[in-house]
Structure formats: C-alpha cells, structure tokens
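Engineer: Sequence and predicted model, in that order:
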Amino acid sequence: MYKQIAILVDRSSNESRAKSMRLMWRAMKHECNIAVFPEGTFNETGKPLKDFYDGAFRLAINTQSPVLPMVFPDTVRRWHYNTVLGLKPGRNRVVYLDPVPTTGMTMEDLPKLKATVHQQMETALLEHSR
C-alpha cells in the first residue's frame, strides 16, 4: 500500500531522482496534488530547518504550481528521528502557511523561491514551537 501512495527517492542515484521527478510531475499534471518534504530527511541539526533540496521547487516551477508550505511543530516531540521506540502520544499540529505562487517563474527564480519558502517555514516553526 505504501508504494501506491509514496514516491520514494534514492538521493544517491541519478536514475532514481530522475524517475521520481517524472512520477511527481505526472501526478501533479494528471492526478492530484502532492506533498514534498524538501529537507529530504529528519532534521538532526540545531537549526529549525535543514537546507532544502531543489527538487520540490523545480517541480513547482516546471508545473507552474503554487507551493503550499506546511510545518509540523510538534513532530520532534512525538516522533523522534533516532528511534521507532521514540513515538509518544499527544497533539501533533499542522500549520498551513500562505501559498507561494510560481506563475511566470523560471529556473532563474528557483533560489529566491526556495529562500522565500524556507524563511516562511522557519519563522512559523519558531513561532509555533514556543
């Protein structure tokens, strides 16, 4: 079932990355919206967010689809990345941020789009983690 609803990416494989981009593009154009986690994995740094990979933003620009940033401020307290046994019951909020339009953007706009979304998400995480 998981393979039917998730597109997994092996970041060490150029072929896997290219295949996942094709599958996500097709899903967005013909089937549905998708959720992409631009950090790529759990954040083990001391910063609120890791640096983002470009893939989600390339996809948004290529399909001219808006980015709808979301943050999960309670996840690190509910499901810690270092152990499955670290699952803890409790509230796990989702905070939806304002959509960021990509209409008319080109790949030259990718760094600015990525920085804008990162800043919005980081600000929201800090605000809602208190």
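Structural biologist: Thanks, I have it.
Engineer: for this protein, what spans make up the helices?
Structural biologist: 2-5, 14-30, 55-63, 75-78, 110-128 (DSSP state H).
Engineer: Which of those sits closest to Glu44?
Structural biologist: helix 75-78 (10.3 Å; CB to CB). Where C-beta positions appear, they are placed from N, C-alpha and C, glycine not excepted.
Engineer: what comes up buried for that closest one?
Structural biologist: When burial is assessed from 16 or more other CB atoms under 10 Å, helix 75-78 yields no buried residues.
Engineer: Same question for stretch 97-108.
Structural biologist: So stretch 97-108, judged by 16+ other CB under 10 Å, has buried residues Val100, Thr102, Met105.
Engineer: Adding pLDDT as columns, could you present these in CSV?
Structural biologist: Below are those laid out as CSV (pLDDT from 0 to 100):
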residue, pLDDT
Val100, 94
Thr102, 94
Met105, 97
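Engineer: related to what we said a few turns ago, out of the helices of the chain, flag the one nearest Val36.
Structural biologist: helix 55-63 (3.9 Å).
Engineer: And the closest one, what does it pack against?
Structural biologist: helix 14-30, helix 110-128 (3 or more CB pairs under 8 Å, 6 or more residues apart in numbering; DSSP states H and E).
Engineer: Thanks a lot, see you next time.
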